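In: Turn this into a model:
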Amino acid sequence: MSQITSFFNQVFQSFNILSAVDILIMTLIIYGIIRLIKGTQAEQVAKGIIIILVITQVSDWIGLVTVNFVFKNIITVGFLALLIMFQPELRKMLETIGKTNVRHIKDIFMEKDLDSPSVAVDQIVESVSDLSKTKTGLLIVIERQVPLDDVVETGVKLDSLLSSELINNIFQYATPLHDGAVIINSETLRIRAAACLLPLSQNKNLSTSIGTRHRAGIGISEHSDCVSLMVSEETGVISYAINGKLSRFVGERGIRRILTEILIEEPSHKSTKSKVLRRKHSNGKK
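Out: Have a look, this model is predicted:
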């Protein structure tokens with residue numbers, strides 16, 4: 001016990017601002033590692049290593065010489081064994097760290113809200129960009145105030161979490177759901193359905209070069225306040241349609257701008273407006 005007391009006394013006497021920074025950095029590193037290995041086989045191994053380290057340190061403090069000797073040797077041999085056993089995983093982790101940028105570092109240390117509008121914008125933009133590069137046809141309809149229940153009924157209902165991986169997989173050629181539109185609700189930020197049939201635009205002023213996918217995207221925007229996003233499978237050109245008007249060659253920035261407008265700025269404005277109205281209403285009652 002005297003060793004433990006002297007250890008803690010020594011720690012507190014030498015504690016300063018640099019020590020606090022040192023502890024904070026190590027805490028962040030450990031937390032990042034925990035986030036990386038969470039839900040993997042390495043998580044169980046890590047728990048075993050922690051138990052062995054605790055036993056080794058406690059045995060050293062209370063003077064269990066034999067136990068301490070055995071566990072110190074287990075750590076030495078076990079470390080080499082782990083390097084051999086988890087060599088592929090370690091290499092993959094080091095490659096991930098080497099490719100990591102500031103944004104990915106932020107994602108490691110901060111829990112992402114998968115239902116947040118900003119994440120939804122990122123997921124849709126990423127999917128549109130990916131499919132544009134591979135010239136894979138895409139048709140996404142973002143439902144706003146006017147319900148598209150009748151359109152949802154024509155497709156396959158999903159009610160799934162919005163992710164670029166799922167969107168990319170849906171629109172891959174020859175997959176069961178690739179032919180048709182994906183419906184995303186702007187409030188729930190979930191994919192309501194896929195392979196949905198849309199009404200074609202009857203606008204005779206449209207160019208003959210505009211294909212069925214784009215005519216369908218324009219057509220549904222003529223009947224509701226939705227926003228349609230399209231990627232041409234012939235050219236990879238990104239377009240969108242609002243109120244029956246088609247905007248072509250908008251690129252990734254153009255899609256991000258319109259999505260930010262309808263998924264982030266518009267709901268935020270409505271929320272602020274409703275709060276002001278409620279405040280005025282409550283003041284009027286007083």
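
In: three-state assignment of residue 219?
Out: helix (DSSP: H, G, I helix; E, B strand; the rest coil).

In: Quick check: it touching residue 206?
Out: No: in this structure residue 219 lies outside contact range of residue 206 using CB atoms under 8 Å: 10.2 Å. Using the backbone N, CA and C atoms, a C-beta is placed for each residue, glycine as well.

In: Comparing those two, which residue is more hemmed in?
Out: residue 219 (19 against 14; other CB atoms under 10 Å).

In: Look up how far residue 231 lies from the more buried one.
Out: 17 Å (CB to CB, to the nearest Å).

In: now swap in residue 72 and tell me
Out: 60 Å.

In: what about the two, which has more around it?
Out: residue 231 (27 against 14).

In: who touches the closest residue to the more buried one other than its chain neighbours in this structure?
Out: With sequence-adjacent residues excluded and distances taken as CB to CB, 6 or more residues apart in numbering, residue 231 is closest to residue 138, at 3.8 Å. By CB atoms under 8 Å, 6 or more residues apart in numbering, the contact set of residue 138 is 127-128, 131-132, 167, 171, 229-231.

In: Quick check: residue 138 vs residue 193, distance?
Out: In terms of CB to CB, residue 138 sits 15 Å off from residue 193.

In: out of the contacts of residue 138, who's nearest residue 177?
Out: residue 171 (8.2 Å; CB to CB).

In: Which neighbouring residues are in contact with the closest one, exactly?
Out: Contacts of residue 171 by CB under 8 Å, 6+ apart are 131, 136-138, 178, 182.

In: can I get those in TSV with pLDDT and secondary structure?
Out: As requested, those are exported to TSV (pLDDT from 0 to 100; DSSP: H, G, I helix; E, B strand; the rest coil):
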residue	pLDDT	secondary structure
131	95	helix
136	95	coil
137	95	coil
138	96	strand
178	90	coil
182	97	strand
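
In: Determine which two of these are furthest apart.
Out: 136 and 182 (13.0 Å).

In: Between the two, which has more neighbouring residues?
Out: With neighbours defined as other CB under 10 Å, residue 136 and residue 182 compare such that residue 182 has more, 27 against 18.

In: looking at it, that one is touching residue 190, isn't it?
Out: No: with contact defined as CB under 8 Å, residue 182 does not reach residue 190; the gap is 11.1 Å.

In: how about the strands in this protein?
Out: Along the chain, the segments classed as strands by DSSP state E run 138-143, 156-161, 181-185, 190-196, 227-231, 238-242, 245-247.
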